[in-house]
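S.K.: mind folding the following:
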Amino acid sequence: MCLDPTPPPPSSVTRRGVLAAAAVLAGTAALTTSAEAAPRPGSNGGDLVIEGGTLLDPATGEVIEDSVVVIRDGIVRAAGSRDRVQAPTDAPRLDARGKWVLPGLVDAHIHLNTAAEAADAVRKGATSARSGSTNFYQDIAVRELAWQAPQQAPHLKAAGVFVTPDLGDTVLADPDLTSLARLKEGVRSPEALRRVVEVNLARGADVIKTRVNERAGLPEQDPQTQVYSYEQLAEVVAAARKRGKGVLCHSYSEKGCHDAVTAGIRSLEHGVFVGERTLHEMRRRDTYFTPTLTAMAGLAESTNPVLAERGRTYLPILKDAVRAAHEMGVPLAAGTDSSGGTVDPIGREVQLMHEAGLPALDAIRTATTSAARLLGVEREAGRLTAGFQGNAVVVSGDPQRDLSVLMAPVHVVRSGLVV
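M.R.: Residues are numbered from 1 along each chain as shown. This is a model prediction of the structure:
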């Protein structure tokens with residue numbers, strides 16, 4: 001069975017219908033409707049002054065005691081010491097005395113299927129995020145929620161649906177995907193691979209998610225089994241690049257990792273068995289590594305004996321890979337791989353990065369400046385300085401001495417609004 005090689009024609013009716021259904025599934029439709037009913041004048045962001053805390057800039061490592069951060073309409077207008085920053089008298093105050101203030105954290109790999117999951121991610125400190133894909137475009141609906149009601153969802157880069165050999169029920173999500181259900185070999189031909197990428201982008205995906213190996217989280221699958229070849233991955237990358245989009249790739253085996261990196265992906269996800277030759281290639285190409293240590297640690301706690309053994313075996317191997325990547329200068333990004341209704345705090349991933357061998361400040365950067373660069377928002381997120389988004393976490397102590405404080409923020413500020 002062959003596909004028509006031409007991409008599906010753009011259809012505003014189909015797009016509206018598909019994304020409206022996604023909003024219903026994600027539970028965001030009513031929330032965005034209510035947010036649109038009473039928008040803030042000129043912006044969906046708020047005004048706030050965060051004062052008295054110790055401000056840490058991850059980019060420079062600078063620490064400013066008794067700091068003032070001024071946020072207007074959701075954007076940082078000024079940040080620095082009290083004697084240098086004039087705080088407006090008409091803005092609400094957040095007292096951060098005795099606490100530390102950092103930019104909102106970035107979860108570079110998370111699966112947000114519902115409004116409840118999105119709100120939980122924000123409460124746990126993730127004010128920006130990149131989707132690891134959803135089954136029915138729910139992440140695109142969550143992205144819209146983040147714009148309309150920022151305190152209820154992270155600023156999100158959506159991946160749409162997974163480019164994988166077996167789309168399963170995902171083909172029911174979109175009339176332009178249903179023809180793929182007839183393919184006996186699944187989504188493997190160049191035409192089929194391009195079709196899924198093109199439909200994703202037509203629906204508004206910001207990035208493309210694909211895979212090279214089977215899953216570690218399913219006991220019946222072998223995560224070192226390769227499902228796409230170098231040539232197939234290159235088709236996905238080429239189709240995404242045609243529209244200026246990057247690709248993140250679920251990977252485990254060394255050969256799979258190498259094929260994915262040389263095919264041109266933007267970031268390698270999981271990557272337990274990534275080897276030295278591939279890490280060198282990643283450094284040369286500026287390919288990111290998002291190891292999702294939190295997910296691997298979670299496997300080790302599974303009640304399923306196969307998964308628990310995988311987690312116990314894989315976690316130290318992955319930590320070694322993270323340490324080697326850092327020493328080689330491969331850019332790292334923090335991602336929890338949260339899914340299934342449970343949202344792990346992004347602070348836990350930062351702590352695991354530190355346990356893998358990164359200095360505390362470098363570990364913090366994986367969830368701030370480095371992750372922001374991966375998402376293409378390095379001039380908006382990852383720092384609290386003039387012109388950046390008014391996203392912040394206030395924590396109980398010095399994260400450079402005790403990273404566990406990032407797991408339970410005292411306050412989270414999203415676009416100038418206290419969550």
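
S.K.: could you chop the protein up by domain?
M.R.: 12-30+105-381, 40-104+382-419 (automatic domain parsing).

S.K.: how far off centre is the longest one?
M.R.: The offset between the C-alpha centroid of domain 12-30+105-381 and the centroid of the whole chain comes to 7 Å, using Cα atoms, centre = their mean, to the nearest Å.

S.K.: which parts of the stretch 1-150 of the chain are helices?
M.R.: 12-26, 29-37, 115-123, 138-148 (DSSP state H, counting those that start in this stretch).

S.K.: of those helices, which approaches residue 66 most closely?
M.R.: For residue 66, the closest of those is helix 115-123, at 27.1 Å, according to Cβ to Cβ. For glycine as for every other residue, the C-beta is placed from the backbone atoms N, C-alpha and C.

S.K.: what is the subsequent helix or strand relative to the lengthiest helix in the chain?
M.R.: Using DSSP state H, we find that the single longest helix of the chain is helix 305-328. Tracing the chain past helix 305-328, the next element assigned as helix or strand by DSSP states H and E is helix 346-355.

S.K.: C-alpha coordinates for that following helix, PDB please?
M.R.: The C-alpha trace of helix 346-355 is given here as PDB (Å, rounded to 0.1, in the frame of the first residue of the first chain):
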ATOM      1  CA  ILE A 346      12.200  19.200  37.600                       C
ATOM      2  CA  GLY A 347      14.400  19.900  40.600                       C
ATOM      3  CA  ARG A 348      14.800  16.200  41.000                       C
ATOM      4  CA  GLU A 349      16.500  16.000  37.600                       C
ATOM      5  CA  VAL A 350      18.800  18.800  38.500                       C
ATOM      6  CA  GLN A 351      19.800  16.900  41.700                       C
ATOM      7  CA  LEU A 352      20.400  13.700  39.700                       C
ATOM      8  CA  MET A 353      22.600  15.700  37.200                       C
ATOM      9  CA  HIS A 354      24.700  16.800  40.200                       C
ATOM     10  CA  GLU A 355      24.900  13.200  41.500                       C
END
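
S.K.: buried set for whichever helix or strand comes after it?
M.R.: The first helix or strand that comes after helix 346-355 along the chain, using DSSP H and E, is helix 360-365. By neighbour count on 16 or more other Cβ atoms under 10 Å, the buried set for helix 360-365 is 360, 362-365.

S.K.: do the same with stretch 155-171
M.R.: 155-165, 167, 170-171.

S.K.: now the helices for the stretch 151-300 of the chain?
M.R.: 190-202, 230-241, 254-263, 276-285, 293-300.

S.K.: so which of those helices gets nearest residue 81?
M.R.: helix 293-300 (35.1 Å).

S.K.: what lies in contact with that closest one?
M.R.: 216-217, 270, 272, 307-308, 310-312, 314-315, 318-319, 322, 335-338, 344, 348-349, 352-353, 356 (Cβ atoms under 8 Å, 6 or more residues apart in numbering).

S.K.: same deal with stretch 382-390?
M.R.: Contacts for stretch 382-390 (Cβ under 8 Å, 6+ apart): 45-46, 48, 55, 57-59, 69, 71, 74-79, 101-104, 106, 127-128, 155, 368-373, 379-381, 392, 413-416.

S.K.: so, low pLDDT: which residues of the stretch 51-200 of the chain?
M.R.: Within the stretch 51-200 of the chain, no range satisfies pLDDT under 70.

S.K.: now do the end-to-end distance for stretch 171-185.
M.R.: 15 Å (Cα to Cα, to the nearest Å).

S.K.: what comes up buried for that stretch?
M.R.: Within stretch 171-185, the residues that qualify as buried are 171, 173-174, 176-177, 180, 183, counting by 16+ other Cβ under 10 Å.

S.K.: can you pick out the most distant pair from these?
M.R.: 173 and 183 (16.4 Å).

S.K.: show the buried residues in the contacts of stretch 382-390.
M.R.: Members of the contacts of stretch 382-390 classed as buried by 16+ other Cβ under 10 Å are 45-46, 48, 55, 57-59, 69, 71, 74-79, 101-104, 106, 127-128, 155, 368-373, 380-381, 392, 413-416.
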